[in-house]
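>>> Quick one, structure for this:
(chains A and B)
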Number of protein chains: 2
Amino acid sequence: MFDVNDPSYLARCAQLAMVLEVSASPKPGNVDRDHDYPDTTFEHFLASAIGAYPVLELAARSQSGVGALIHASARESLQWQRGGNTHFGAFVLLIPLLMAAGSDTPVSTIVENTTASDAAQFYRAFSIANVRVDSVAEIDLEDPDSIDRILEEDIKLFDLMKLSADHDLIANEWVCGFERTFQCAEMIAENADRMSINDAIVFTFLQMLAETPDTFIRTKFGKEKSIEISKHALEILTGNRDLDAIKSRIHEFDRRLIHERINPGSTADIIIGGLFVALVRGLVV
Amino acid sequence: MFDVNDPSYLARCAQLAMVLEVSASPKPGNVDRDHDYPDTTFEHFLASAIGAYPVLELAARSQSGVGALIHASARESLQWQRGGNTHFGAFVLLIPLLMAAGSDTPVSTIVENTTASDAAQFYRAFSIANVRVDSVAEIDLEDPDSIDRILEEDIKLFDLMKLSADHDLIANEWVCGFERTFQCAEMIAENADRMSINDAIVFTFLQMLAETPDTFIRTKFGKEKSIEISKHALEILTGNRDLDAIKSRIHEFDRRLIHERINPGSTADIIIGGLFVALVRGLVV
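Numbering: from 1, shown residues only, chains lettered A, B, ... in the order given. The predicted model follows:
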(Lines give C-alpha, C1' and ligand atoms only; values in the text may rest on other atoms or scores of the structure.)
Protein backbone atom coordinates (compact mmCIF):
# COMPACT_ATOMS: atom_id res chain seq x y z
CA MET A 1 0.00 0.00 0.00
CA PHE A 2 2.83 2.39 0.88
CA ASP A 3 6.27 2.82 -0.69
CA VAL A 4 8.35 2.20 2.44
CA ASN A 5 11.38 4.05 1.05
CA ASP A 6 9.37 7.18 0.25
CA PRO A 7 10.87 10.03 2.31
CA SER A 8 7.46 11.59 2.92
CA TYR A 9 6.01 8.28 4.10
CA LEU A 10 8.96 7.79 6.46
CA ALA A 11 8.77 11.34 7.81
CA ARG A 12 5.07 10.88 8.58
CA CYS A 13 5.83 7.60 10.37
CA ALA A 14 8.33 9.52 12.52
CA GLN A 15 5.79 12.27 13.25
CA LEU A 16 3.15 9.71 14.13
CA ALA A 17 5.57 7.79 16.37
CA MET A 18 6.20 10.97 18.40
CA VAL A 19 2.52 11.90 18.55
CA LEU A 20 1.38 8.41 19.58
CA GLU A 21 4.11 8.13 22.21
CA VAL A 22 3.25 11.39 23.95
CA SER A 23 -0.47 10.57 23.77
CA ALA A 24 -0.12 7.14 25.41
CA SER A 25 -1.53 7.26 28.94
CA PRO A 26 -0.97 6.53 31.79
CA LYS A 27 2.75 6.67 31.01
CA PRO A 28 4.37 6.84 34.44
CA GLY A 29 6.34 10.01 35.12
CA ASN A 30 6.25 11.44 31.61
CA VAL A 31 4.11 14.01 29.82
CA ASP A 32 1.06 12.35 28.32
CA ARG A 33 -2.43 13.33 27.21
CA ASP A 34 -3.49 13.63 30.84
CA HIS A 35 -0.34 15.08 32.37
CA ASP A 36 1.70 18.21 31.64
CA TYR A 37 4.92 19.35 33.28
CA PRO A 38 4.82 22.87 34.69
CA ASP A 39 6.62 24.38 31.66
CA THR A 40 6.25 21.67 29.04
CA THR A 41 2.81 20.49 28.02
CA PHE A 42 1.25 17.76 25.91
CA GLU A 43 0.60 20.38 23.19
CA HIS A 44 4.28 21.39 23.12
CA PHE A 45 5.17 17.80 22.24
CA LEU A 46 2.47 17.69 19.53
CA ALA A 47 3.68 20.92 17.93
CA SER A 48 7.32 19.78 18.07
CA ALA A 49 6.52 16.45 16.40
CA ILE A 50 4.60 18.15 13.62
CA GLY A 51 6.99 21.05 13.16
CA ALA A 52 9.97 18.75 12.59
CA TYR A 53 8.56 17.33 9.34
CA PRO A 54 10.89 18.93 6.77
CA VAL A 55 14.01 17.82 8.65
CA LEU A 56 12.62 14.32 9.06
CA GLU A 57 11.91 14.14 5.33
CA LEU A 58 15.36 15.49 4.52
CA ALA A 59 16.91 12.83 6.77
CA ALA A 60 15.07 10.12 4.82
CA ARG A 61 16.68 11.53 1.63
CA SER A 62 20.20 11.77 3.13
CA GLN A 63 23.05 9.36 3.70
CA SER A 64 25.34 11.76 5.54
CA GLY A 65 25.07 14.83 7.73
CA VAL A 66 23.64 13.21 10.87
CA GLY A 67 24.94 15.99 13.12
CA ALA A 68 23.54 18.82 11.00
CA LEU A 69 20.19 17.01 10.76
CA ILE A 70 20.00 16.54 14.54
CA HIS A 71 20.84 20.23 14.94
CA ALA A 72 18.18 21.23 12.39
CA SER A 73 15.51 19.04 14.00
CA ALA A 74 16.21 20.49 17.46
CA ARG A 75 16.02 24.02 16.04
CA GLU A 76 12.80 23.36 14.12
CA SER A 77 11.20 21.77 17.19
CA LEU A 78 11.97 24.88 19.26
CA GLN A 79 10.46 27.20 16.64
CA TRP A 80 7.09 25.47 16.87
CA GLN A 81 6.47 25.64 20.58
CA ARG A 82 7.49 27.44 23.75
CA GLY A 83 7.98 24.42 26.03
CA GLY A 84 11.73 24.00 25.52
CA ASN A 85 13.32 20.65 24.82
CA THR A 86 10.78 17.97 23.96
CA HIS A 87 12.31 15.50 21.48
CA PHE A 88 16.09 15.84 21.51
CA GLY A 89 16.75 12.22 22.47
CA ALA A 90 14.09 11.04 20.04
CA PHE A 91 15.72 12.95 17.17
CA VAL A 92 19.12 11.39 17.98
CA LEU A 93 17.48 8.00 17.35
CA LEU A 94 15.08 8.97 14.56
CA ILE A 95 17.52 10.83 12.30
CA PRO A 96 19.82 7.81 11.65
CA LEU A 97 16.79 5.47 11.52
CA LEU A 98 15.20 7.69 8.84
CA MET A 99 18.46 7.85 6.88
CA ALA A 100 18.73 4.06 7.02
CA ALA A 101 15.10 3.47 6.06
CA GLY A 102 15.27 5.90 3.13
CA SER A 103 18.38 4.36 1.63
CA ASP A 104 18.29 0.70 2.71
CA THR A 105 21.71 1.26 4.32
CA PRO A 106 21.98 -0.47 7.71
CA VAL A 107 21.56 2.03 10.53
CA SER A 108 24.80 0.76 12.08
CA THR A 109 26.66 1.83 8.92
CA ILE A 110 25.00 5.25 9.02
CA VAL A 111 26.19 5.94 12.55
CA GLU A 112 29.64 4.38 12.11
CA ASN A 113 30.23 6.67 9.13
CA THR A 114 29.69 9.86 11.12
CA THR A 115 32.51 12.44 11.25
CA ALA A 116 34.03 15.04 13.57
CA SER A 117 31.90 17.62 11.79
CA ASP A 118 28.82 15.61 12.86
CA ALA A 119 30.15 15.64 16.42
CA ALA A 120 30.61 19.42 16.31
CA GLN A 121 27.05 19.92 14.99
CA PHE A 122 25.75 17.60 17.68
CA TYR A 123 27.38 19.77 20.36
CA ARG A 124 25.76 22.86 18.87
CA ALA A 125 22.38 21.09 18.89
CA PHE A 126 22.98 20.14 22.50
CA SER A 127 23.46 23.68 23.61
CA ILE A 128 20.37 25.04 21.84
CA ALA A 129 18.18 22.21 23.14
CA ASN A 130 19.39 22.79 26.69
CA VAL A 131 19.39 19.06 27.44
CA ARG A 132 20.44 17.67 30.78
CA VAL A 133 23.25 15.12 30.45
CA ASP A 134 26.19 13.62 32.19
CA SER A 135 29.26 15.04 30.52
CA VAL A 136 31.49 12.25 29.40
CA ALA A 137 34.69 12.20 31.40
CA GLU A 138 36.93 13.09 28.51
CA ILE A 139 34.88 15.87 26.95
CA ASP A 140 32.89 18.47 28.82
CA LEU A 141 29.62 19.00 26.99
CA GLU A 142 29.22 22.45 28.51
CA ASP A 143 32.66 23.72 27.54
CA PRO A 144 32.58 25.68 24.26
CA ASP A 145 36.23 24.74 23.64
CA SER A 146 35.11 21.13 23.30
CA ILE A 147 34.08 21.74 19.69
CA ASP A 148 37.60 22.91 18.82
CA ARG A 149 39.05 19.83 20.47
CA ILE A 150 36.66 17.53 18.59
CA LEU A 151 37.66 19.01 15.26
CA GLU A 152 41.39 19.09 16.06
CA GLU A 153 41.50 15.52 17.32
CA ASP A 154 39.06 14.33 14.62
CA ILE A 155 36.66 12.71 17.10
CA LYS A 156 33.71 11.24 15.21
CA LEU A 157 30.17 11.49 16.57
CA PHE A 158 30.16 7.70 16.76
CA ASP A 159 33.27 7.85 18.98
CA LEU A 160 31.56 10.37 21.25
CA MET A 161 28.60 8.02 21.58
CA LYS A 162 31.00 5.21 22.52
CA LEU A 163 32.24 7.35 25.41
CA SER A 164 28.65 7.70 26.69
CA ALA A 165 27.32 4.24 25.87
CA ASP A 166 27.60 2.83 29.37
CA HIS A 167 25.55 5.58 31.01
CA ASP A 168 23.22 6.77 28.23
CA LEU A 169 20.56 4.55 26.65
CA ILE A 170 20.47 6.60 23.45
CA ALA A 171 24.26 6.53 22.95
CA ASN A 172 24.13 2.81 23.69
CA GLU A 173 21.66 2.33 20.82
CA TRP A 174 24.10 3.99 18.43
CA VAL A 175 26.90 1.70 19.57
CA CYS A 176 24.85 -1.53 19.68
CA GLY A 177 23.09 -1.33 16.31
CA PHE A 178 19.82 0.04 17.74
CA GLU A 179 19.18 -3.37 19.29
CA ARG A 180 16.73 -2.16 21.95
CA THR A 181 14.87 -0.03 19.40
CA PHE A 182 14.25 -3.02 17.12
CA GLN A 183 13.32 -5.21 20.09
CA CYS A 184 10.92 -2.48 21.21
CA ALA A 185 9.34 -2.38 17.72
CA GLU A 186 8.59 -6.11 17.95
CA MET A 187 7.15 -5.78 21.43
CA ILE A 188 4.86 -2.93 20.36
CA ALA A 189 3.63 -4.89 17.33
CA GLU A 190 3.01 -7.99 19.47
CA ASN A 191 1.21 -6.07 22.19
CA ALA A 192 -0.87 -4.16 19.62
CA ASP A 193 -2.20 -7.51 18.38
CA ARG A 194 -3.97 -8.09 21.68
CA MET A 195 -4.72 -4.59 22.99
CA SER A 196 -5.40 -1.02 21.78
CA ILE A 197 -2.47 0.98 20.43
CA ASN A 198 -2.55 3.19 23.54
CA ASP A 199 -2.36 0.21 25.86
CA ALA A 200 0.31 -1.50 23.73
CA ILE A 201 2.53 1.58 24.06
CA VAL A 202 1.99 1.84 27.83
CA PHE A 203 2.62 -1.91 28.30
CA THR A 204 5.80 -1.85 26.19
CA PHE A 205 6.97 1.26 28.05
CA LEU A 206 6.71 -0.63 31.34
CA GLN A 207 8.42 -3.69 29.87
CA MET A 208 11.34 -1.63 28.56
CA LEU A 209 11.62 0.29 31.83
CA ALA A 210 11.53 -2.95 33.85
CA GLU A 211 14.28 -4.43 31.69
CA THR A 212 16.74 -1.51 31.64
CA PRO A 213 17.17 1.31 34.15
CA ASP A 214 16.43 4.67 32.56
CA THR A 215 19.58 6.74 32.07
CA PHE A 216 17.74 10.05 32.08
CA ILE A 217 16.66 9.19 35.65
CA ARG A 218 20.22 8.11 36.43
CA THR A 219 21.58 11.46 35.27
CA LYS A 220 19.16 13.38 37.48
CA PHE A 221 18.88 11.10 40.52
CA GLY A 222 21.75 8.60 40.39
CA LYS A 223 22.14 4.94 39.51
CA GLU A 224 20.49 3.53 42.66
CA LYS A 225 17.25 5.43 42.00
CA SER A 226 17.14 4.39 38.36
CA ILE A 227 17.48 0.73 39.38
CA GLU A 228 14.79 1.08 42.03
CA ILE A 229 12.37 2.58 39.49
CA SER A 230 12.95 -0.34 37.12
CA LYS A 231 12.26 -2.79 39.95
CA HIS A 232 8.99 -0.99 40.66
CA ALA A 233 7.99 -1.37 36.99
CA LEU A 234 8.93 -5.07 37.08
CA GLU A 235 6.84 -5.67 40.21
CA ILE A 236 3.80 -4.21 38.47
CA LEU A 237 4.27 -6.37 35.38
CA THR A 238 5.17 -9.66 37.06
CA GLY A 239 2.55 -12.28 36.29
CA ASN A 240 0.41 -9.90 34.21
CA ARG A 241 -0.15 -9.77 30.49
CA ASP A 242 -3.31 -7.70 30.69
CA LEU A 243 -3.08 -3.93 31.08
CA ASP A 244 -6.55 -3.48 32.55
CA ALA A 245 -5.64 -5.71 35.49
CA ILE A 246 -2.73 -3.48 36.47
CA LYS A 247 -4.04 -0.06 35.46
CA SER A 248 -4.66 1.11 39.03
CA ARG A 249 -1.10 0.14 39.99
CA ILE A 250 0.25 1.98 36.93
CA HIS A 251 -1.68 5.09 37.96
CA GLU A 252 -0.21 4.77 41.46
CA PHE A 253 3.30 4.42 39.95
CA ASP A 254 2.58 7.48 37.78
CA ARG A 255 1.56 9.52 40.84
CA ARG A 256 4.71 8.45 42.67
CA LEU A 257 7.01 9.43 39.80
CA ILE A 258 5.25 12.75 39.24
CA HIS A 259 5.42 13.51 42.97
CA GLU A 260 9.16 12.76 43.01
CA ARG A 261 9.62 14.56 39.65
CA ILE A 262 11.17 11.43 38.16
CA ASN A 263 10.66 11.09 34.41
CA PRO A 264 11.91 8.09 32.45
CA GLY A 265 12.75 10.21 29.42
CA SER A 266 15.26 7.87 27.77
CA THR A 267 12.76 5.00 27.82
CA ALA A 268 10.23 7.29 26.11
CA ASP A 269 12.82 8.03 23.40
CA ILE A 270 13.36 4.30 22.79
CA ILE A 271 9.58 3.87 22.54
CA ILE A 272 9.48 6.56 19.83
CA GLY A 273 12.25 4.77 17.92
CA GLY A 274 10.43 1.44 18.32
CA LEU A 275 7.10 2.92 17.23
CA PHE A 276 8.74 4.41 14.14
CA VAL A 277 10.19 1.02 13.15
CA ALA A 278 6.88 -0.74 13.85
CA LEU A 279 4.92 1.79 11.76
CA VAL A 280 7.35 1.50 8.83
CA ARG A 281 6.96 -2.28 9.04
CA GLY A 282 3.20 -1.97 8.68
CA LEU A 283 1.65 -1.35 12.10
CA VAL A 284 -1.66 0.40 11.37
CA VAL A 285 -3.56 2.47 13.92
CA MET B 1 10.30 33.66 11.88
CA PHE B 2 8.37 31.56 9.36
CA ASP B 3 7.74 32.12 5.64
CA VAL B 4 3.95 32.12 5.77
CA ASN B 5 3.60 31.22 2.08
CA ASP B 6 5.89 28.18 2.38
CA PRO B 7 3.80 25.12 1.42
CA SER B 8 5.49 22.94 4.05
CA TYR B 9 4.87 25.51 6.77
CA LEU B 10 1.21 25.75 5.75
CA ALA B 11 0.77 21.97 5.58
CA ARG B 12 2.19 21.62 9.10
CA CYS B 13 -0.17 24.33 10.35
CA ALA B 14 -3.04 22.28 8.90
CA GLN B 15 -1.75 19.08 10.53
CA LEU B 16 -1.34 20.84 13.86
CA ALA B 17 -4.82 22.38 13.61
CA MET B 18 -6.34 18.89 13.24
CA VAL B 19 -4.21 17.40 16.02
CA LEU B 20 -4.92 20.23 18.49
CA GLU B 21 -8.63 20.15 17.71
CA VAL B 22 -9.05 16.45 18.37
CA SER B 23 -6.91 16.70 21.52
CA ALA B 24 -8.95 19.51 23.07
CA SER B 25 -10.95 18.18 25.99
CA PRO B 26 -13.68 18.13 27.23
CA LYS B 27 -15.16 18.81 23.78
CA PRO B 28 -18.82 17.90 24.22
CA GLY B 29 -20.01 15.00 22.09
CA ASN B 30 -16.92 14.65 19.91
CA VAL B 31 -13.86 12.41 19.97
CA ASP B 32 -11.16 13.95 22.14
CA ARG B 33 -8.12 12.81 24.09
CA ASP B 34 -10.41 11.31 26.74
CA HIS B 35 -13.22 9.99 24.56
CA ASP B 36 -13.33 7.55 21.65
CA TYR B 37 -16.30 6.50 19.57
CA PRO B 38 -16.84 2.74 19.35
CA ASP B 39 -15.21 2.47 15.90
CA THR B 40 -13.29 5.72 15.64
CA THR B 41 -10.69 6.61 18.23
CA PHE B 42 -8.50 9.55 19.16
CA GLU B 43 -5.55 7.77 17.54
CA HIS B 44 -7.45 7.39 14.24
CA PHE B 45 -7.79 11.17 14.11
CA LEU B 46 -4.09 11.65 14.91
CA ALA B 47 -3.00 9.23 12.16
CA SER B 48 -5.38 10.82 9.64
CA ALA B 49 -4.07 14.33 10.38
CA ILE B 50 -0.47 13.23 10.00
CA GLY B 51 -1.02 10.99 6.99
CA ALA B 52 -2.64 13.78 4.97
CA TYR B 53 0.58 15.84 4.84
CA PRO B 54 1.54 15.42 1.16
CA VAL B 55 -1.92 16.40 -0.05
CA LEU B 56 -1.99 19.40 2.28
CA GLU B 57 1.40 20.53 0.97
CA LEU B 58 0.28 20.00 -2.64
CA ALA B 59 -2.82 22.11 -1.94
CA ALA B 60 -0.61 24.95 -0.69
CA ARG B 61 1.24 24.79 -4.05
CA SER B 62 -1.93 24.67 -6.15
CA GLN B 63 -4.38 27.22 -7.47
CA SER B 64 -6.82 24.79 -9.05
CA GLY B 65 -7.97 21.21 -8.60
CA VAL B 66 -9.93 21.63 -5.36
CA GLY B 67 -12.07 18.55 -6.05
CA ALA B 68 -9.11 16.27 -6.82
CA LEU B 69 -7.29 17.53 -3.72
CA ILE B 70 -10.29 16.86 -1.48
CA HIS B 71 -10.53 13.38 -3.00
CA ALA B 72 -6.80 12.75 -2.47
CA SER B 73 -6.91 13.95 1.14
CA ALA B 74 -9.87 11.70 1.95
CA ARG B 75 -8.08 8.73 0.36
CA GLU B 76 -4.78 9.42 2.16
CA SER B 77 -6.58 9.79 5.48
CA LEU B 78 -8.21 6.37 5.04
CA GLN B 79 -4.88 4.71 4.23
CA TRP B 80 -3.40 5.76 7.55
CA GLN B 81 -6.02 4.44 9.94
CA ARG B 82 -8.87 1.98 10.25
CA GLY B 83 -11.44 4.26 11.90
CA GLY B 84 -13.24 5.36 8.73
CA ASN B 85 -14.10 8.98 8.05
CA THR B 86 -12.37 11.37 10.43
CA HIS B 87 -11.64 14.65 8.63
CA PHE B 88 -13.77 14.91 5.49
CA GLY B 89 -15.47 18.16 6.51
CA ALA B 90 -12.17 19.55 7.73
CA PHE B 91 -10.50 18.82 4.36
CA VAL B 92 -13.34 20.58 2.51
CA LEU B 93 -12.42 23.71 4.47
CA LEU B 94 -8.64 23.24 4.69
CA ILE B 95 -7.93 22.51 1.01
CA PRO B 96 -9.19 25.88 -0.31
CA LEU B 97 -7.71 27.68 2.74
CA LEU B 98 -4.30 26.11 1.99
CA MET B 99 -4.57 27.02 -1.70
CA ALA B 100 -5.42 30.60 -0.74
CA ALA B 101 -2.64 30.88 1.86
CA GLY B 102 -0.02 29.46 -0.50
CA SER B 103 -0.82 31.83 -3.33
CA ASP B 104 -2.21 34.96 -1.65
CA THR B 105 -5.36 34.49 -3.74
CA PRO B 106 -8.51 35.20 -1.70
CA VAL B 107 -10.16 31.95 -0.62
CA SER B 108 -13.46 33.22 -2.06
CA THR B 109 -11.80 33.40 -5.50
CA ILE B 110 -10.41 29.87 -5.11
CA VAL B 111 -13.85 28.39 -4.44
CA GLU B 112 -15.70 30.54 -6.99
CA ASN B 113 -13.29 29.32 -9.67
CA THR B 114 -14.11 25.63 -9.12
CA THR B 115 -15.43 23.62 -12.09
CA ALA B 116 -17.76 20.73 -12.86
CA SER B 117 -14.74 18.46 -12.80
CA ASP B 118 -14.13 19.57 -9.19
CA ALA B 119 -17.75 18.73 -8.43
CA ALA B 120 -17.36 15.25 -9.95
CA GLN B 121 -14.18 14.62 -7.91
CA PHE B 122 -15.94 15.85 -4.79
CA TYR B 123 -18.70 13.27 -5.35
CA ARG B 124 -16.12 10.52 -5.70
CA ALA B 125 -14.48 11.67 -2.45
CA PHE B 126 -17.85 11.62 -0.80
CA SER B 127 -18.49 8.04 -1.64
CA ILE B 128 -15.09 6.77 -0.44
CA ALA B 129 -15.32 8.75 2.81
CA ASN B 130 -18.81 7.39 3.48
CA VAL B 131 -19.97 10.66 4.96
CA ARG B 132 -23.48 11.18 6.22
CA VAL B 133 -25.19 14.12 4.51
CA ASP B 134 -28.50 15.50 3.50
CA SER B 135 -28.74 15.10 -0.25
CA VAL B 136 -29.52 18.40 -1.80
CA ALA B 137 -32.96 18.38 -3.29
CA GLU B 138 -31.82 18.74 -6.88
CA ILE B 139 -28.97 16.25 -6.88
CA ASP B 140 -28.96 12.93 -5.06
CA LEU B 141 -25.53 12.43 -3.55
CA GLU B 142 -26.01 8.69 -3.44
CA ASP B 143 -26.99 8.30 -7.08
CA PRO B 144 -23.99 7.38 -9.27
CA ASP B 145 -25.72 9.01 -12.26
CA SER B 146 -25.34 12.34 -10.47
CA ILE B 147 -21.74 12.63 -11.68
CA ASP B 148 -22.88 12.34 -15.31
CA ARG B 149 -25.49 14.99 -14.73
CA ILE B 150 -22.97 17.33 -13.09
CA LEU B 151 -20.63 17.07 -16.06
CA GLU B 152 -23.41 17.35 -18.67
CA GLU B 153 -25.01 20.36 -17.05
CA ASP B 154 -21.61 21.88 -16.14
CA ILE B 155 -22.48 22.32 -12.45
CA LYS B 156 -19.49 23.79 -10.63
CA LEU B 157 -18.52 22.61 -7.15
CA PHE B 158 -19.25 26.15 -5.95
CA ASP B 159 -22.80 25.83 -7.34
CA LEU B 160 -23.24 22.54 -5.52
CA MET B 161 -22.18 24.20 -2.29
CA LYS B 162 -24.73 26.95 -2.92
CA LEU B 163 -27.45 24.30 -3.02
CA SER B 164 -26.35 23.05 0.43
CA ALA B 165 -25.46 26.35 2.05
CA ASP B 166 -28.67 26.73 4.04
CA HIS B 167 -28.39 23.34 5.76
CA ASP B 168 -24.64 22.65 5.84
CA LEU B 169 -22.17 24.79 7.82
CA ILE B 170 -19.24 23.75 5.62
CA ALA B 171 -21.01 24.54 2.35
CA ASN B 172 -22.10 27.82 3.91
CA GLU B 173 -18.45 28.72 4.55
CA TRP B 174 -17.68 28.23 0.87
CA VAL B 175 -20.54 30.48 -0.13
CA CYS B 176 -19.96 33.20 2.49
CA GLY B 177 -16.20 33.71 2.10
CA PHE B 178 -15.27 31.51 5.10
CA GLU B 179 -16.68 34.18 7.39
CA ARG B 180 -17.21 31.89 10.40
CA THR B 181 -13.77 30.33 9.96
CA PHE B 182 -12.05 33.72 10.13
CA GLN B 183 -14.25 34.79 13.04
CA CYS B 184 -13.34 31.52 14.79
CA ALA B 185 -9.63 32.18 14.21
CA GLU B 186 -9.94 35.52 16.00
CA MET B 187 -11.89 33.99 18.87
CA ILE B 188 -9.26 31.26 19.35
CA ALA B 189 -6.42 33.80 19.34
CA GLU B 190 -8.26 36.01 21.82
CA ASN B 191 -9.13 33.14 24.14
CA ALA B 192 -5.57 31.76 23.93
CA ASP B 193 -4.32 35.07 25.32
CA ARG B 194 -6.05 34.42 28.62
CA MET B 195 -6.14 30.61 28.92
CA SER B 196 -4.25 27.48 27.78
CA ILE B 197 -4.52 26.41 24.16
CA ASN B 198 -6.65 23.43 25.19
CA ASP B 199 -9.09 25.60 27.11
CA ALA B 200 -9.14 28.23 24.35
CA ILE B 201 -10.23 25.56 21.84
CA VAL B 202 -12.91 24.17 24.16
CA PHE B 203 -14.22 27.66 24.98
CA THR B 204 -14.32 28.69 21.31
CA PHE B 205 -16.03 25.40 20.43
CA LEU B 206 -18.82 26.20 22.89
CA GLN B 207 -19.07 29.78 21.64
CA MET B 208 -19.36 28.65 18.01
CA LEU B 209 -21.88 25.95 18.93
CA ALA B 210 -23.94 28.41 20.98
CA GLU B 211 -24.00 30.85 18.08
CA THR B 212 -24.92 28.50 15.23
CA PRO B 213 -26.77 25.16 15.37
CA ASP B 214 -24.55 22.33 14.16
CA THR B 215 -25.64 21.01 10.78
CA PHE B 216 -24.10 17.58 11.31
CA ILE B 217 -26.49 17.20 14.28
CA ARG B 218 -29.32 18.56 12.13
CA THR B 219 -28.67 15.93 9.46
CA LYS B 220 -28.77 13.10 11.99
CA PHE B 221 -31.41 14.35 14.46
CA GLY B 222 -33.31 17.19 12.80
CA LYS B 223 -33.38 20.96 13.07
CA GLU B 224 -35.17 21.13 16.46
CA LYS B 225 -32.53 19.05 18.16
CA SER B 226 -29.67 21.04 16.67
CA ILE B 227 -31.25 24.27 17.97
CA GLU B 228 -31.81 22.77 21.42
CA ILE B 229 -28.12 21.71 21.64
CA SER B 230 -27.00 25.23 20.77
CA LYS B 231 -29.26 26.62 23.50
CA HIS B 232 -27.69 24.22 25.98
CA ALA B 233 -24.21 25.47 25.00
CA LEU B 234 -25.37 29.07 25.35
CA GLU B 235 -26.80 28.44 28.82
CA ILE B 236 -23.44 27.09 29.97
CA LEU B 237 -21.55 30.08 28.60
CA THR B 238 -23.92 32.86 29.69
CA GLY B 239 -22.20 35.16 32.15
CA ASN B 240 -18.94 33.18 32.11
CA ARG B 241 -15.59 34.04 30.58
CA ASP B 242 -13.64 31.54 32.68
CA LEU B 243 -13.50 27.90 31.60
CA ASP B 244 -12.64 26.52 35.03
CA ALA B 245 -15.86 27.92 36.46
CA ILE B 246 -17.99 25.98 33.96
CA LYS B 247 -15.90 22.82 33.52
CA SER B 248 -18.24 20.61 35.53
CA ARG B 249 -21.21 21.79 33.43
CA ILE B 250 -19.23 21.14 30.24
CA HIS B 251 -18.48 17.60 31.44
CA GLU B 252 -22.19 17.12 32.14
CA PHE B 253 -23.03 18.44 28.63
CA ASP B 254 -20.41 16.06 27.21
CA ARG B 255 -21.97 13.08 29.03
CA ARG B 256 -25.41 14.05 27.74
CA LEU B 257 -24.28 14.31 24.12
CA ILE B 258 -22.31 11.05 24.30
CA HIS B 259 -25.31 9.29 25.86
CA GLU B 260 -27.61 10.56 23.10
CA ARG B 261 -24.88 9.90 20.46
CA ILE B 262 -25.04 13.53 19.35
CA ASN B 263 -21.78 14.85 17.92
CA PRO B 264 -21.36 18.44 16.76
CA GLY B 265 -19.08 17.43 13.89
CA SER B 266 -19.54 20.49 11.70
CA THR B 267 -18.59 22.81 14.56
CA ALA B 268 -15.41 20.76 15.06
CA ASP B 269 -14.60 21.25 11.35
CA ILE B 270 -14.98 25.02 11.68
CA ILE B 271 -12.68 24.92 14.73
CA ILE B 272 -10.04 23.15 12.62
CA GLY B 273 -10.35 25.80 9.91
CA GLY B 274 -10.14 28.56 12.54
CA LEU B 275 -7.13 26.97 14.24
CA PHE B 276 -5.37 26.72 10.87
CA VAL B 277 -5.91 30.42 10.18
CA ALA B 278 -4.85 31.37 13.73
CA LEU B 279 -1.65 29.28 13.48
CA VAL B 280 -0.74 30.76 10.09
CA ARG B 281 -1.26 34.22 11.60
CA GLY B 282 1.23 33.45 14.34
CA LEU B 283 -0.53 31.64 17.20
CA VAL B 284 2.22 29.69 18.99
CA VAL B 285 1.57 26.71 21.24
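>>> can we go C-alpha only for contacts and neighbour counts from here?
Will do.
>>> which residues of chain A score low on pLDDT?
The model of chain A has pLDDT under 70 over residues A:1, A:132-142.
>>> Could I get the full set of helices for the stretch 51-200 of chain A?
For the stretch 51-200 of chain A, the helices defined by DSSP state H, counting those that start in this stretch cover A:53-60, A:66-79, A:88-103, A:107-112, A:116-129, A:145-153, A:157-164, A:169-175, A:179-194, A:197-211.
>>> and of those helices, who's closest to B:Ser196?
Of all these, helix A:66-79 sits nearest to B:Ser196, with 18.5 Å by Cα to Cα.
>>> buried sites along the closest one?
Residues A:66-79 are the ones in helix A:66-79 that count as buried (16 or more other Cα atoms under 10 Å in any protein chain shown).
>>> Any chance of CSV for those residues, columns distance to chain B?
Output for these, formatted as CSV (distance: Cα to the nearest Cα, whole Å):
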residue, distance to chain B
A:Val66, 22
A:Gly67, 23
A:Ala68, 20
A:Leu69, 17
A:Ile70, 19
A:His71, 17
A:Ala72, 15
A:Ser73, 14
A:Ala74, 15
A:Arg75, 12
A:Glu76, 10
A:Ser77, 12
A:Leu78, 11
A:Gln79, 8
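>>> ok, so of those, who is nearest B:Asn30?
Of the buried residues of helix A:66-79, the one sitting nearest to B:Asn30 (Cα to Cα) turns out to be A:Ser77, at 29.1 Å.
>>> In contact with that closest one, which residues?
By Cα atoms under 8 Å, 6 or more residues apart in numbering or on different chains, the contact set of A:Ser77 is A:Ala47, A:Ser48, A:Ala49, A:Gly51, A:Ala52, A:Thr86, A:His87.
>>> ok, and of the residues you listed, which contact chain B?
Counting by Cα under 8 Å from any Cα of the partner chain, A:Ala47, A:Gly51 from the contacts of A:Ser77 sit close to chain B.
>>> So how do I select the buried members of the contacts of A:Ser77 in PyMOL?
Buried members of the contacts of A:Ser77, defined by 16+ other Cα under 10 Å, are picked up in PyMOL with:
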select buried, chain A and resi 47+48+49+51+52+86+87
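>>> Format the contacts of A:Ser77 as JSON lines; extra columns: distance to A:His232.
Converted to JSON lines, those look like this (distance: Cα to Cα, whole Å):
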{"residue": "A:Ala47", "distance to A:His232": "32"}
{"residue": "A:Ser48", "distance to A:His232": "31"}
{"residue": "A:Ala49", "distance to A:His232": "30"}
{"residue": "A:Gly51", "distance to A:His232": "35"}
{"residue": "A:Ala52", "distance to A:His232": "34"}
{"residue": "A:Thr86", "distance to A:His232": "25"}
{"residue": "A:His87", "distance to A:His232": "26"}
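>>> What are the structural domain limits within chain A?
Domains of chain A are assigned by automatic domain parsing as A:7-180, A:194-267.
>>> what about these, which gets the closest to B:Ile201?
Using Cα to Cα, those put domain A:7-180 closest to B:Ile201, at 12.1 Å.
>>> First-to-last residue distance for the closest one?
One end of domain A:7-180 to the other measures 24 Å (Cα to Cα, to the nearest Å).
>>> Nearest residue to the residue in the stretch 151-285 of chain A that chain B sits nearest to in space, please, no chain neighbours.
The nearest approach of the stretch 151-285 of chain A to chain B comes at A:Val285, 5.1 Å away (Cα to the nearest Cα). Once flanking residues are discounted, A:Val285 sits nearest to B:Gln81: 5.1 Å by Cα to Cα, 6 or more residues apart in numbering or on different chains.
>>> tell me, how many neighbours does the one you found end up with?
Close neighbours of B:Gln81, defined as other Cα atoms under 10 Å in any protein chain shown, add up to 22.
>>> Mind picking the two most distant members of the buried residues of helix A:66-79?
Farthest pair in the buried residues of helix A:66-79, by Cα to Cα: A:Val66 and A:Gln79, 20.1 Å.
>>> ok, now which ones touch A:Phe276?
A:Cys13, A:Ala14, A:Leu16, A:Ala17, A:Leu94, A:Ala185.
>>> of all the residues you listed, which comes closest to B:Glu21?
Of the contacts of A:Phe276, the one sitting nearest to B:Glu21 (Cα to Cα) turns out to be A:Leu16, at 16.1 Å.
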